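Chemist: Predicted model and sequence follow; I will ask about them next.
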Amino acid sequence: MHKNDAKNINMRGIKKIEEVIDRLPVYLRKLHLFKWQSRNLLPPSIGSASNGRSEKKKMAKEQRMFRKNRRNSRRESMGGVRRD
């Protein structure tokens, strides 16, 4: 084992942790969104003027897809309409 190997491994570990931390906000936002979606309403913070129109449209589209998927999966579990 070379004397720099330990340092390199360590740096790689730190980089990984940094990546994870960088991704955390996104993950938390998604979790948050999902929690609210399960109640079929958007949290007050989303859809506020701060994130602009395109963001709102994106949210609305996600919401629609989510509801559609949930409806279909419920229907399928009862042996109803299946689309392949």
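Modeler: Sure, I can see it.
Chemist: Now do E62: how many residues are near it, please.
Modeler: Neighbours of E62 under the rule other Cβ atoms under 10 Å: 13. For the C-beta atoms, the positions are set from N, CA and C on the backbone; glycine is no exception.
Chemist: Also F66?
Modeler: F66 has 15 nearby residues by other Cβ under 10 Å.
Chemist: and the helix or strand harbouring it, what other elements does it pack with?
Modeler: In the assignment (DSSP states H and E), F66 maps to helix 52-77. Helices and strands touching helix 52-77, by 3 or more Cβ pairs under 8 Å, 6 or more residues apart in numbering; DSSP states H and E, are helix 5-37.
Chemist: average pLDDT for the helix it packs on?
Modeler: Across helix 5-37, the average pLDDT comes to 70.
Chemist: Likewise for stretch 68-84?
Modeler: 67.
Chemist: Pull out the buried residues from the helix holding F66.
Modeler: M59, Q63 (16 or more other Cβ atoms under 10 Å).
Chemist: what's the pLDDT at S48?
Modeler: 50.
Chemist: oh, and call the first residue 19 from now on, that's how I've got it
Modeler: In the new count, where the first residue is 19, that last one comes out as S66.
Chemist: Could you measure from K76 over to P43?
Modeler: 17 Å (Cβ to Cβ, to the nearest Å).
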